[in-house]
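J.: 3D, please:
(2 chains)
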Protein chains: 2
Amino acid sequence: MNNLDELLKEYNKYKMMNLHLDLSRGKPCIEQLDLSMPMMDVLSSHVDLKCEDGTDCRNYGVLGGIDECKRLLGDIIEVDPKKIIIFGNSSLNIMYNLISRSMTHGILGSTPWCKLDKIKWLCPVPGYDRHFAITEHFGIEMINIPLYADGPDMDLIEEYIKDESVKGIWCVPKYSNPDGITYSEAVVKRFARLKPAAKDFRVYWDNAYSVHHLYDDNQDFLLEIINECERCGNPDLVYKFTSTSKISFPGSGIAALACSENNKKEILNDLKYQTIGYDKVNQLRHVKFFKNLDGIKMQMKKHAAILRPKFELVERILDEEVGDIVNFTKPHGGYFISLYVKSCAKEVVESCKKLGVILTDAGCSYPYHNDPTNSNIRIAPSFPSIDELELAIKILCLVIKIETLKKEYENK
Amino acid sequence: MNNLDELLKEYNKYKMMNLHLDLSRGKPCIEQLDLSMPMMDVLSSHVDLKCEDGTDCRNYGVLGGIDECKRLLGDIIEVDPKKIIIFGNSSLNIMYNLISRSMTHGILGSTPWCKLDKIKWLCPVPGYDRHFAITEHFGIEMINIPLYADGPDMDLIEEYIKDESVKGIWCVPKYSNPDGITYSEAVVKRFARLKPAAKDFRVYWDNAYSVHHLYDDNQDFLLEIINECERCGNPDLVYKFTSTSKISFPGSGIAALACSENNKKEILNDLKYQTIGYDKVNQLRHVKFFKNLDGIKMQMKKHAAILRPKFELVERILDEEVGDIVNFTKPHGGYFISLYVKSCAKEVVESCKKLGVILTDAGCSYPYHNDPTNSNIRIAPSFPSIDELELAIKILCLVIKIETLKKEYENK
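T.: Numbers count the residues shown, from 1 in each chain, chains lettered A, B, ... in the order given. Sure thing, here's the model as predicted:
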């Protein structure tokens, strides 16, 4: 490894460049957004905006979403359309909504959480910062659960759910954020068989990356949980989420919830106070554009063709430059590469920021932003161009070398 | 007046016709929806989906809405765009959201309502059923406030707000639902000067019909409340709502909140947990279609041209047929005619239903569906065709005659 002085000289060279390279969020790049531009043409003043049952999508009504859209999103997550509710443009918003209504109204007759002294939540780590932000916002105590290559520590989960104040768990079961792992069949089966002490315990199964493969061949397989729960007499355990945010346009897509009949009935009954209905014209637009699961798969291949070279570039440079001093994931899908440095994640992210390379804040993948080993850095390679990405990752590697050396000196 | 036997003969004649005529909800008709079809053409794969500050509307971000959309909706309700937050497609959803967050998190540092024993709410009556449904859903005790031709009983309101458990009031200040009245300047000024005991008391000012005039000349004027509150040192008192639901497409429109800087800061800070952002593409679509307030006004004239003959038809038939036994409003705007029968509203609505003429449930315009005098019926003339409407109102008049006669017999 180069000595620190040489590395710092190079660091200062980059400092002069006034860069701004953003690797912080899992945002699709312009080329990915362009893939959905034809969606802007499927509706026009000459197209009938009725859905298949004859309902005029322009008017009020149809609280749970139009049938053809339920079918499309149901197909994406392998769930019967009868178990689907279509919401607005954000699955995160559905999750917030469900936790909020659990606080104020309780679940299927149980005590509203705001009337209880203590609510706890299980958080496989590292995980999605916006999940943890919701539970923190509601004052829910979060408990770290280690996440392994095949899913979270199920022994620990089975232990914790004996506590009646534990009311839920955040899961990104496929191409997880940020580690990119997919829960094994055995893990999903154990999930479906959980018997929590709290009747109002729910598994928040955020299937955000269900069809977001990077490779044609090397794809992960996830056992479908709603059906599995039903099969073993545990139908109400899971809320499953999906959206088209990273399929069509982020922020102008369609989000959906899949759940049991009991859950669905309760949630729809609550929803009717919240709104007269979500945007059916946009639901129709998505259906007319994608048509069916084949249309979705075709679109996802195009996304993959844009994303794959970016992931491979990051992996190659990391291997070459810092392969001996860090660990990192090589996921088969999703939006992130998860990097583990030697107890200097905060320092690396701070130092990169000074050079204009913006990474997600260190610690963000842990509840309360507290990464106990200060080692995880989430890399989101999707948004920058290949050239920008190459520069950003080279700078990242330089900074990792510097901070790792500094750490070694400190520890001497 | 005809005798009861004759009337019942006519009633039975209608019964044979198997009608289905829906006057229950304030839904625009097909011709009104058609007015916005060109909006489906303003975006296409050839149109740049950047907003004026260069942001790509297709991607994530911009929590509070794009500037040009804030300007458009701000203009509709005469509020500085800096005071506007753009949400999703439903202003009702914003109101639900605000009450829900008041329950779980409190307002500007005050105790969350779910921690308090009792929350009360003032409800000018008759009013909007979906408003009352929200407060009822949260277990908030609703108190009726009489609504006069110039607005609610302000003496009573000023008295009630001395009670710290009174936390809010529902208002539809212009072309009110269902009475069609507009609050006078004096009333708005008293609103702006309210000094509630509860610091977290908020006026929910649902300006749903701000530009929804029926006539070019005979238009109501409403004093703008946000500015008025600011002027008299009471800036945080009001949440003001609007949407394009009855301007463009109901359910595929844009909704907005206007409020003070303090309120806005708090609400945006809360929103960031709820979503990454609302549908900016639809915001852009609305701006590109309407361009500015002139575009909105032009559209509203076209709506009025369709709606006006329907209102006038209803008013004429009511005058001719039952003018001597009922009272009803002749509003200058909005979506409803409010009809007052002689203590037989429930019976009239039930009896109409049997003939296939669907009116909003009697009592619906009162908290807990309890119309103390059983007299108010809300007529929504917008949706049916002129022919259907004529038939429906004739049937309604017949039923009113029958039920009024029955009531008279009973009271003899």
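J.: For chain A, which segments count as strands?
T.: A:21-23, A:84-86, A:120-125, A:141-148, A:151-152, A:166-171, A:202-206, A:238-243, A:255-258, A:327-328, A:337-340, A:357-359, A:376-379 (DSSP state E).
J.: Can you show me the CA trace of the fourth one as CSV?
T.: So the one you mean is strand A:141-148. This file holds the C-alpha atoms of strand A:141-148, laid out as CSV (Å, rounded to 0.1, in the frame of the first residue of the first chain):
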residue,chain,number,x,y,z
GLU,A,141,-38.0,1.1,20.2
MET,A,142,-35.9,-0.6,17.6
ILE,A,143,-33.9,-3.8,18.1
ASN,A,144,-31.1,-4.8,15.8
ILE,A,145,-31.3,-8.3,14.3
PRO,A,146,-28.2,-9.5,12.5
LEU,A,147,-28.7,-10.2,8.8
TYR,A,148,-26.9,-13.1,7.3
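J.: now the spatially closest residue to residue A:223 that is not a sequence neighbour: how far from chain B?
T.: Take residue A:223 and drop its neighbours on the chain: the residue closest to it by C-beta to C-beta, 6 or more residues apart in numbering or on different chains is residue A:188, 4.0 Å away. C-beta here means a position set from N, CA and C on the backbone, and glycine is covered the same way. For residue A:188, the distance to chain B equals 28 Å [C-beta to the nearest C-beta, to the nearest Å].
J.: Nearest residue to residue A:262 in space, please, no chain neighbours.
T.: Per C-beta to C-beta, 6+ apart, closest to residue A:262 is residue A:236, 5.2 Å.
J.: The one you found reaches residue A:265, doesn't it?
T.: No - counting by C-beta atoms under 8 Å, residue A:236 does not reach residue A:265; the two are 10.7 Å apart.
J.: Chain A: helices as residue ranges?
T.: For chain A, the helices defined by DSSP state H occupy A:4-15, A:30-34, A:67-76, A:91-105, A:129-137, A:154-160, A:185-192, A:225-231, A:261-274, A:280-290, A:293-322, A:345-354, A:386-411.
J.: of those, which approaches residue B:260 most closely?
T.: Residue B:260 lies closest to helix A:129-137 among those, at 22.4 Å (C-beta to C-beta).
J.: Tell me the helices and strands packed up against the closest one.
T.: With contacts taken as 3 or more C-beta pairs under 8 Å, 6 or more residues apart in numbering or on different chains; DSSP states H and E, helix A:129-137 sits against helix A:91-105, strand A:120-125, strand A:141-148, strand A:166-171, helix B:261-274.
J.: What are the contacting residues of that helix?
T.: The contact list for helix A:129-137 (C-beta atoms under 8 Å, 6 or more residues apart in numbering or on different chains) reads A:92, A:95-96, A:99, A:121, A:123, A:142, A:168, A:170, A:172, A:204, A:206, A:360, A:364-369, B:105, B:270, B:273, B:276.
J.: Mark which of the residues you listed are buried, thanks.
T.: Buried by 16 or more other C-beta atoms under 10 Å in any protein chain shown: A:92, A:95-96, A:99, A:121, A:123, A:142, A:168, A:170, A:172, A:204, A:206, A:360, A:364-367, B:105, B:270, B:273, B:276, out of the contacts of helix A:129-137.
J.: re the thing from before, residues in contact with the residue nearest to residue A:223?
T.: For residue A:188, the contacting residues are A:151, A:173, A:222-223, A:225, A:228, by C-beta under 8 Å, 6+ apart.
J.: Let me have those in JSON lines, adding neighbour count and pLDDT as columns.
T.: Conversion of the contacts of residue A:188 to JSON lines gives the following (neighbours: other C-beta atoms under 10 Å in any protein chain shown; pLDDT from 0 to 100):
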{"residue": "A:151", "neighbour count": "24", "pLDDT": "98"}
{"residue": "A:173", "neighbour count": "27", "pLDDT": "98"}
{"residue": "A:222", "neighbour count": "21", "pLDDT": "98"}
{"residue": "A:223", "neighbour count": "18", "pLDDT": "98"}
{"residue": "A:225", "neighbour count": "26", "pLDDT": "98"}
{"residue": "A:228", "neighbour count": "18", "pLDDT": "98"}
